[in-house]
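**Student:** One predicted model, sequence on top.
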Amino acid sequence: MHAVILAGGKGVRLRPYTTALPKPLVPIGDQYAILEIVLRQLANSGFTSCTIAIGHLGHIIRAYVGDGSQWGLHVSYSTEDSPLGTMGPLLTMLDRLPEHFLVMNGDILTDLDFGEVLRGHRASDAPLTIATYCRKVRIDFGVLTTDDRQVVGFTEKPTLDYRVSMGVYGLSRSALGAYTAGLPLGFDELVLDLLAEKTPPAAHEFDGYWLDIGRPDDYDRANAEFATYRDLLLKGA
């Protein structure tokens, strides 16, 4: 059970919090960094090893996490010298990864069972499994349906439901074999290529707790809610 944590971004949207700290190390609640919560959860889900892809302020992440032994994990590192997109960092470490592994962003707060995602991926024939979450989007306008310059329908300020990516994936090395190491590769490009090849990703649907801590509002919400969800997020850890 191996996981790759993507922690190389600059966290521009979360400034000023990320001026001196990499985003995965901003504190949640009274004592935990986001990344520590994630590592505790991985260990509790059955993972024994982890590679952290680092870039911006990566030396601070190395100093904080070390070899991971304090959480019962063996942690190694891969350094991203220039931005490679979401999936690009995996290409530089592909020969060190098992056939099936977990990939996740280092800035999410969730009670998703990461081990369940990887086990489900292994059991499927899909090259990629995407953990998905139902996000409701409220449209603050009256929405018109038109046909040949006529209004044929109207809905006042509807709420739309979308399944969005949680930033957690089960992945097989074979899905990345055609790409060149050192070149950028985005999650969107990989998904579109798999769809074009008629080898669609599998979906792991989840409806528990999930926050993508990418903006100050999300970070403030995470801190406000952590006391309420602490036991849920750290169960067994």
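**Tutor:** Yep, that arrived. Numbering: from 1, shown residues only.

**Student:** Identify, by residue count, the longest helix of the chain.
**Tutor:** In the chain, taking DSSP state H as the definition, the longest helix is helix 216-233.

**Student:** host element of residue 42?
**Tutor:** Using DSSP states H and E, residue 42 falls within helix 34-44.

**Student:** Which elements pack onto that helix?
**Tutor:** With contacts taken as 3 or more C-beta pairs under 8 Å, 6 or more residues apart in numbering; DSSP states H and E, helix 34-44 sits against strand 2-7, strand 49-54, helix 58-65, strand 108-110. For the C-beta atoms, the positions are set from N, CA and C on the backbone; glycine is no exception.

**Student:** With respect to residue 76, which of the ones you listed lies nearest?
**Tutor:** Residue 76 lies closest, by C-beta to C-beta, to one member of the helices and strands packed on helix 34-44: strand 49-54, at 5.0 Å.

**Student:** Paired strands for that closest one, with orientation please.
**Tutor:** strand 2-7 (parallel), strand 74-79 (parallel) (DSSP bridges).

**Student:** Residue 230: which of those is closest?
**Tutor:** The closest of those to residue 230 is strand 2-7. By C-beta to C-beta, the value is 21.0 Å.

**Student:** could I have that closest one exported to PDB, CA atoms only?
**Tutor:** Output of strand 2-7 as PDB, limited to C-alpha atoms (Å, rounded to 0.1, in the frame of the first residue of the first chain):
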ATOM      1  CA  HIS A   2       1.900   3.000  -1.300                       C
ATOM      2  CA  ALA A   3       0.700   6.600  -1.600                       C
ATOM      3  CA  VAL A   4       2.100   9.700  -3.500                       C
ATOM      4  CA  ILE A   5       1.300  13.000  -1.900                       C
ATOM      5  CA  LEU A   6       1.500  16.000  -4.200                       C
ATOM      6  CA  ALA A   7       2.900  18.900  -2.100                       C
END
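
**Student:** Can you name the element that comes right after that strand?
**Tutor:** Where DSSP H and E defines the elements, the next helix or strand beyond strand 2-7 is strand 27-28.
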